[in-house]
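J.: here's my sequence, what's the structure:
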Amino acid sequence: MKDLNSRQWYRDLEILYTGIFFDFSEEEKENLLQVAGGFDMPNKFMHHITLQFRPETGEHVKWMLEHEGLEVKVKVIGVADSKKVAALSILIPHPTRVWCKNGIPHLTVATAKSIRPF
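T.: Prediction:
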């Protein structure tokens, strides 16, 4: 295992995003689709909440690596449903919340054919 106290080894990493990741069962995915809408949308996601897109290496990446595998209980606090996207607004608990640089933490459930989730 890498020495996480050494800042050198992860400086050259090209990290696309950090996040909270889910492994929902098919039944749980169906429930999310019922809550958020998006049944008719062809692109189904429901696998992560982005904490930071293209994070700079440093304290954020170090914290994420030190807490890899940490179970985080999140709470759904809102729904966004349109013809283009279905998503759930999420409340992230402290201390993980501190590392979320996304203005509106959310779980993308589904998108229309021409819509990418990022």
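J.: centroid residue for this structure?
T.: I49 (1.3 Å; CA atoms, centre = their mean).
J.: grab the nearest non-local neighbour of it.
T.: With sequence-adjacent residues excluded and distances taken as CB to CB, 6 or more residues apart in numbering, I49 is closest to I20, at 4.5 Å. All C-beta spots, glycine's among them, are computed from the backbone N, C-alpha and C.
J.: buried ones in the helix or strand containing the residue nearest to the centre of the chain, by neighbour count?
T.: Using DSSP states H and E, the element containing I49 is strand 48-53. Using 16 or more other CB atoms under 10 Å as the test for burial, strand 48-53 gives I49, T50, L51, Q52.
J.: farthest pair in the residues you listed?
T.: I49 and Q52 (10.9 Å; CB to CB).
J.: joint contacts of those two?
T.: Common contact partners of I49 and Q52 (CB atoms under 8 Å, 6 or more residues apart in numbering): C100, N102.
J.: now for the residue nearest to the centre of the chain: which residues touch it?
T.: I49 neighbours (CB under 8 Å, 6+ apart): G19, I20, V74, I90, I92, C100, N102, P105, H106, L107.
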